[in-house]
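Student: show me how the following folds:
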Amino acid sequence: MRALLQDSSAILLEVGPGRTLGSLVKANAGPNATDCVLVQTLRHPREVCSDQEYLLKSLAVMWCSGASLDWPAFYAGESRHRVQLPTYPFEKQSYWIQTKAKVAACSAKIHEHEMETSDRAPRAEPCVSQAFPRPSLDSVYVAPHTESEKKVCELWEKMLGIRELGIDDNFFDLGGHSLIATQLISRLQKSFSVEISLEAFFDNQTVCSLAAAIDRLCAAMEPKQARPMPGRIPRAASRQRQTVS
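Tutor: This next block holds a predicted model:
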C-alpha cells in the first residue's frame, strides 16, 4: 500500500459501500506519501445527495485527475439533440498556461528562498511528536476559538495522529472510522462529563458542530436553581415572624 502511495499519479477507487478501505489507506500513509486521489463509488448514508449525483461527481474527479474513461460506453443508450450555435464569433482571448518544468523551477526558487530565510532566523526546537502534518483537504484551516473546540481538536489530534486540525475539518475526511469514533467518544465523555451517543457523533462530523453539540449537552445538564413560589413564605421566615409577634 505504501508503495502505491509513492506514485503521485495513482488513483485509488473504492468499489462498494462504506469507506473502510479509504480510511485504511489514509491511516497507513507515511510522511513521504504523495497526495494520491482517493475516490468512492457510493455515498455515505448521511450525505444528502442522490446516488447518481455522487457517482457522477466521482467520475468527474477521476477524469480531472487524468484517468482515461470509456465515454462511448458511458453515453450508450442516450439520445442527443443538435444545438444551433450562435452566429456571432466568439471573443478571442489568450490564456497563459505554464508547463510543468516552469512550475518546478518556480517551486525550486521559492524553496531556496525559504531555506535562506530559515538559516537567518533562530531555529526552533525539534518536535518530538510522531503526528503527521495536516493533509490537503477541501476545508480551509480555521483555528479553534472556544475552550470546547480546543479540547475537541486536541483529542482528535491524539486519536488521528494529525497536527493542526481546524474546526471545519471532517472526521471521516481525516481517515476516521467507527472504531476510532467509539474510542474518541469515550474520551470526550470523560473530558466533558456528558453522555455522547454514536448517532450524535456521526451527525456532527466536524470539530465546530461537535463542540457546539457538546456545549448544548453541558448546558442542559446544569442544575436549575430552586426558586420559592410566589405568595409563599419560607419556613424559617414564618417561624421568625411568629417569635417576634
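Student: which helix or strand contains the spatially closest residue to Lys151 that is not a sequence neighbour?
Tutor: Counting by Cβ to Cβ, 6 or more residues apart in numbering, Lys151 lies nearest to Ser191, which is 5.8 Å off, once chain neighbours are set aside. Every C-beta, even on glycine, is put in place using the N, C-alpha and C of the backbone. Secondary structure from DSSP states H and E places Ser191 in helix 178-192.
Student: just Val83 next, same as before
Tutor: Using DSSP H and E, Val83 falls within no helix or strand.
Student: number of nearby residues for it?
Tutor: Other residues near Val83 number 5, with proximity taken as other Cβ atoms under 10 Å.
Student: show the contacting residues for the nearest residue to Ile11 once chain neighbours are set aside.
Tutor: Spatial nearest neighbour of Ile11, excluding adjacent residues (Cβ to Cβ, 6+ apart): Val37 at 4.6 Å. Contacts for Val37 were tallied using Cβ atoms under 8 Å, 6 or more residues apart in numbering; they are 10-12, 61-62, 65.
Student: and the residues you listed, which two are the farthest apart?
Tutor: Ala10 and Val61 (13.6 Å; Cβ to Cβ).
Student: what does the domain assignment say about the chain?
Tutor: 2-70, 147-220 (automatic domain parsing).
Student: quick one: low-confidence ranges for this protein?
Tutor: The chain contains residues with pLDDT under 70 at 29-34, 86-131, 223-245.
Student: strands of that one, start to end?
Tutor: With DSSP state E, the ranges of strands along the chain come out as 11-14, 37-40.
Student: tell me which residues in the first one are buried?
Tutor: Applying a neighbour-count criterion of 16 or more other Cβ atoms under 10 Å, one finds Glu14 buried in strand 11-14.
Student: restrict that strand to CA atoms and write it as CSV.
Tutor: Output of strand 11-14 as CSV, limited to C-alpha atoms (Å, rounded to 0.1, in the frame of the first residue of the first chain):
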residue,chain,number,x,y,z
ILE,A,11,-5.9,6.9,-8.5
LEU,A,12,-7.4,4.6,-5.8
LEU,A,13,-11.1,3.7,-6.5
GLU,A,14,-13.1,2.1,-3.6
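Student: and that strand, what does it pack onto?
Tutor: Here strand 11-14 touches helix 20-27, strand 37-40, going by 3 or more Cβ pairs under 8 Å, 6 or more residues apart in numbering; DSSP states H and E.
Student: quick one on the thing from earlier: I figured the residue nearest to Lys151 was touching Leu155, is that so?
Tutor: Yes. At 6.8 Å, Ser191 and Leu155 qualify as touching, with contact defined as Cβ atoms under 8 Å.
Student: more neighbours, these two?
Tutor: Between Ser191 and Leu155, counting by other Cβ under 10 Å, Leu155 is the more crowded of the two (21 against 14).
Student: need the winner for burial among the domains of the chain.
Tutor: Comparing the domains of the chain by mean neighbour count (mean count of other Cβ atoms under 10 Å), domain 147-220 ranks first with a mean of 17.
Student: how long is it from one end to the other?
Tutor: 18 Å (Cα to Cα, to the nearest Å).
Student: contacts only, for Asp138.
Tutor: By Cβ under 8 Å, 6+ apart, the contact list for Asp138 reads Asp173.
Student: can you list the strands of the chain in JSON lines and add distance to Arg80?
Tutor: Shown next, in JSON lines, are these (distance: least, Cβ to Cβ, whole Å):
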{"stretch": "strand 11-14", "distance to Arg80": "28"}
{"stretch": "strand 37-40", "distance to Arg80": "27"}
